[in-house]
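Visitor: build the 3D model from these lines:
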Amino acid sequence: MNNGIYQDFVKKFKVALTNCSIYFPQHPIFFQSVNNFKKSINLVAQDELFLLIKVKPKALIINGKNLEEVSLYKDLATFFHRRKVKSIKIEKEITAEELSKFLVNISSSEKNILAKGGIKKILKENEVKNIEIDELDYSQLIKGEGKGVKDIWSYILRSEDTQGNNKVTADKFADKFRKITEKYGVKEILEDKRMFKQLLDLVEKIEDKDNFKKIIESLVRSILDDESLDKITNKEQFKSLFFKVDLQDLANLLSKFLQSDKRFNPASFRLFSTLISPDAHKVVAGSLNREIKAGKSKFDIDKIRNLFESLDDQSIVPIYQKNLSLDNLDSVSKREFSFDYNHLHQNYRLLLLDLFFYETSEFRLVLILKKILLEIERNFLDNIEFVNKFAKIYIKKTIDTRSKELNSTIKKVWSQSEKNIFKTDDFKNFIFLTKVLKTTTLDVYFYLDEIEEKKFNPLVLKLFFKFFPKQIDKLYKKIKDKRKDYDFLKKIITDLKLSNHFAALDLLKRLFNLVPILVKIEILDIIKNYPQCDQNFILSLVNSQSFHIRKKSVEMAVKFPQLHKQTAQKLLSLSNYFGFNSKIILENLEIINQNYIPQARPFLDKLTRRGFFWDRQIRKKAKQVLENHLENR
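Guide: The predicted structure is shown next:
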């Protein structure tokens, strides 16, 4: 079979998909493209009973024929790959109705398909029997980029492997769960009551003990890592899962955390302890005691001792103190005095601060400040508390500003402190310090070079806006030049959000037209939370070609009553000759349905009276929106 037949098949496939996005399913142009596509299927399949399309990231294999050199094939391959389609098997006896349903659903946005559990599940619900879809498995799915975490969880919980009461499919899913939580965590799902209940219902169906343990361990580890038990919306159901866990397994789980997880701290243990009953704690503590005494596992006894000494829960601590009997263990029973260098160094730093506060001699103040500077240079990130204490004392102390040497030394201290802010992502501890810094000893190019190298955080950006308010154009140009570096772009957008500075708003608006669609949506989510926004900017987005941007712009516009009428008019007054704008108008109607404003009513009334046959779905949808909001009439 020559390549021309395959090219014709792919062209008709793409035409049908394109028409699907332009016309409603009953439109004669769309109906004709479906029939042409069906004829092409029969021609390519020839004597076979079906047509099999295998999808690679940038190529198609149609009935064994590898097609990858022409961009036509690559485009369609990319289209299916993004929708997690691995292969499509189309039976020759497929009906035009089934083919139409397939085209309508596969042409939906990737996010919508993901949220509904994948195209395989969608076609099954629509009773499309003559098309068989093979989707990318979980391990391939979690390698994907650019999807929201919540979208990934939504797909997983709605997919074929997790539906119904089939315990086999639940066990099949359990083996993949650990990989998913390791990559995405469970923070997003904990905050969604419906999705978390869906997950718990699924976990309760898992019969295989080993798989069940994997699920529980992954859930607990992810919760402890994020200290997010307070975000759980179904606490009682979640805790009830632990009644199914063998107490010895709980002991093994705690043992594993104590041995291998450096992040397991008193706060982590408090979270862990709320999940199990006091009686269970006795068994867990006893088992842990036997394991420590056996000496087969590597425990840090001092860490365990400090862990329980720092707890104040008198219903739990005595259980572990009694059962663990740490004071009687040979490894810790005789605690000899040792020279504690860290403690001595800490006292030395406190002494420096006291000397600085009470000293009045200019000469001695310079000497003390030089010692303080050495401390800051030596290990700034570990001693931020020391720097913050110095900053607080500095504010209270009166300094003779006429002394050049003293002022020069103070500037060196602040300069070093300012430079070290660039060296950490743990910026919250530096907030007080940035308030103390009134001027900068660094120039704008130092800031720009560090930002270009990704050595920045929200406080660095906040200081840039504070010290260089007239140089924001230079920062914008730097970001513009690096916009193809997605990691850089993602970080700068996130840190602009966290900087919470009014100058960040203007910069975000300027960046909006430079970035991909997913980043645009993220920017709008940030801008939406600002109390004030450029109303012309909002209105300019209402007619966007992207459904998601239109939706976000309306969510922003509803906060400003003076924009309601213009927003409704822009969304609902589109012309629709021969149904060219049907899809957009239907999407806009759904946006209004979700973000109803009374000013939309006259425009909705007009839509219900449109008379052309291609406006039938629009009339129906407009009536539905009006009925949904009768109380607002």
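Visitor: now the strands for the stretch 451-600 of the chain?
Guide: With strands called from DSSP state E, counting those that start in this stretch, the stretch 451-600 of the chain shows none.
Visitor: pLDDT weak spots in it?
Guide: Scanning the stretch 451-600 of the chain for pLDDT under 70 picks out nothing.
Visitor: show me where it has its helices.
Guide: With DSSP state H, counting those that start in this stretch, the ranges of helices along the stretch 451-600 of the chain come out as 458-467, 472-481, 486-499, 502-511, 517-527, 535-541, 547-557, 564-572, 582-594.
Visitor: mean neighbour count added to these, as TSV?
Guide: C-beta here means a position set from N, CA and C on the backbone, and glycine is covered the same way. Listed next are the helices of the stretch 451-600 of the chain as TSV, based on neighbours: other C-beta atoms under 10 Å:
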stretch	mean neighbour count
helix 458-467	21
helix 472-481	15
helix 486-499	18
helix 502-511	17
helix 517-527	18
helix 535-541	16
helix 547-557	21
helix 564-572	20
helix 582-594	20
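Visitor: how about those helices in CSV, adding distance to residue 402?
Guide: Shown next, in CSV, are the helices of the stretch 451-600 of the chain (distance: least, C-beta to C-beta, whole Å):
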stretch, distance to residue 402
helix 458-467, 25
helix 472-481, 35
helix 486-499, 36
helix 502-511, 35
helix 517-527, 46
helix 535-541, 50
helix 547-557, 53
helix 564-572, 61
helix 582-594, 65
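Visitor: helix, strand or coil for residue 20?
Guide: For residue 20, the assignment made with DSSP: H, G, I helix; E, B strand; the rest coil gives helix.
Visitor: so it sits against residue 30, correct?
Guide: Yes - under the criterion of C-beta atoms under 8 Å, residue 20 makes contact with residue 30 at 6.3 Å.
Visitor: need the residues touching each of these two.
Guide: Listed as contacting both residue 20 and residue 30 by C-beta atoms under 8 Å, 6 or more residues apart in numbering is no residue at all.
Visitor: the helices of the stretch 451-600 of the chain: which one's closest to residue 44?
Guide: Residue 44 sits nearest to helix 582-594 of all these, at 28.6 Å, using C-beta to C-beta.
Visitor: report the rounded mean pLDDT for stretch 355-364.
Guide: In this model, stretch 355-364 has an average pLDDT of 86.
Visitor: ok, now stretch 614-621?
Guide: For stretch 614-621, mean pLDDT is 87.
Visitor: please, where are all the strands along the chain?
Guide: Along the chain, the stretches classed as strands by DSSP state E are 50-56, 59-62, 65-67, 85-91, 131-135.
Visitor: rewinding a little: of the helices of the stretch 451-600 of the chain, give the one that comes closest to residue 373.
Guide: The closest of the helices of the stretch 451-600 of the chain to residue 373 is helix 458-467. By C-beta to C-beta, the value is 19.9 Å.
Visitor: any residues touching that closest one, and which ones?
Guide: By C-beta under 8 Å, 6+ apart, the residues outside helix 458-467 that reach it are 418, 421-422, 427, 430-431, 434, 437, 439-440, 444, 447, 450-451, 471-472, 475, 492, 495-501, 503-504.
Visitor: ok, now stretch 519-534?
Guide: 489-490, 493, 496-497, 505, 508-509, 511-512, 515, 541, 546, 548-549, 552-553, 555-556.
Visitor: can I get the strands of the chain in JSON lines including distance to residue 111 and mean pLDDT?
Guide: What follows is the strands of the chain, written out as JSON lines (distance: least, C-beta to C-beta, whole Å; pLDDT from 0 to 100):
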{"stretch": "strand 50-56", "distance to residue 111": "19", "mean pLDDT": "87"}
{"stretch": "strand 59-62", "distance to residue 111": "24", "mean pLDDT": "86"}
{"stretch": "strand 65-67", "distance to residue 111": "28", "mean pLDDT": "82"}
{"stretch": "strand 85-91", "distance to residue 111": "15", "mean pLDDT": "90"}
{"stretch": "strand 131-135", "distance to residue 111": "16", "mean pLDDT": "88"}
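Visitor: the ones you listed into JSON lines, with extra columns for mean neighbour count and distance to residue 529?
Guide: Below are those laid out as JSON lines (neighbours: other C-beta atoms under 10 Å; distance: least, C-beta to C-beta, whole Å):
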{"stretch": "strand 50-56", "mean neighbour count": "19", "distance to residue 529": "39"}
{"stretch": "strand 59-62", "mean neighbour count": "20", "distance to residue 529": "43"}
{"stretch": "strand 65-67", "mean neighbour count": "15", "distance to residue 529": "47"}
{"stretch": "strand 85-91", "mean neighbour count": "18", "distance to residue 529": "36"}
{"stretch": "strand 131-135", "mean neighbour count": "19", "distance to residue 529": "36"}
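Visitor: with distance to residue 372 added, can I get the ones you listed in JSON lines?
Guide: Formatted as JSON lines, the strands of the chain follow (distance: least, C-beta to C-beta, whole Å):
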{"stretch": "strand 50-56", "distance to residue 372": "62"}
{"stretch": "strand 59-62", "distance to residue 372": "64"}
{"stretch": "strand 65-67", "distance to residue 372": "69"}
{"stretch": "strand 85-91", "distance to residue 372": "63"}
{"stretch": "strand 131-135", "distance to residue 372": "61"}
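Visitor: for the closest residue to residue 287 other than its chain neighbours, which residues are in contact?
Guide: Once flanking residues are discounted, residue 287 sits nearest to residue 251: 3.6 Å by C-beta to C-beta, 6 or more residues apart in numbering. By C-beta under 8 Å, 6+ apart, the contact list for residue 251 reads 283, 284, 287, 288, 291.
Visitor: report pLDDT for the third one.
Guide: This means residue 287. On pLDDT, residue 287 comes in at 76.
Visitor: thinking it is in contact with residue 248, fair?
Guide: Yes - the pair residue 287 and residue 248 passes the contact test of C-beta under 8 Å, sitting 6.1 Å apart.
Visitor: what's the nearest residue to residue 88 if we skip its chain neighbours?
Guide: residue 53 (4.4 Å).
Visitor: from residue 66, how far off is the one you found?
Guide: 12 Å (C-beta to C-beta, to the nearest Å).
Visitor: which stretches of the stretch 1-150 of the chain form helices?
Guide: Applying DSSP H, counting those that start in this stretch to the stretch 1-150 of the chain gives helices spanning 3-22, 28-45, 71-82, 96-106, 110-115, 119-125, 138-141, 149-158.
Visitor: distance to residue 482 and mean pLDDT for the ones you listed - can I get that in JSON lines?
Guide: Shown next, in JSON lines, are these (distance: least, C-beta to C-beta, whole Å; pLDDT from 0 to 100):
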{"stretch": "helix 3-22", "distance to residue 482": "34", "mean pLDDT": "83"}
{"stretch": "helix 28-45", "distance to residue 482": "43", "mean pLDDT": "86"}
{"stretch": "helix 71-82", "distance to residue 482": "25", "mean pLDDT": "80"}
{"stretch": "helix 96-106", "distance to residue 482": "36", "mean pLDDT": "89"}
{"stretch": "helix 110-115", "distance to residue 482": "26", "mean pLDDT": "76"}
{"stretch": "helix 119-125", "distance to residue 482": "36", "mean pLDDT": "88"}
{"stretch": "helix 138-141", "distance to residue 482": "30", "mean pLDDT": "48"}
{"stretch": "helix 149-158", "distance to residue 482": "25", "mean pLDDT": "60"}
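Visitor: can you lay out the ones you listed as TSV showing mean neighbour count and distance to residue 374?
Guide: Shown next, in TSV, are the helices of the stretch 1-150 of the chain (neighbours: other C-beta under 10 Å; distance: least, C-beta to C-beta, whole Å):
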stretch	mean neighbour count	distance to residue 374
helix 3-22	17	66
helix 28-45	17	76
helix 71-82	17	56
helix 96-106	19	66
helix 110-115	18	54
helix 119-125	18	64
helix 138-141	16	52
helix 149-158	20	44
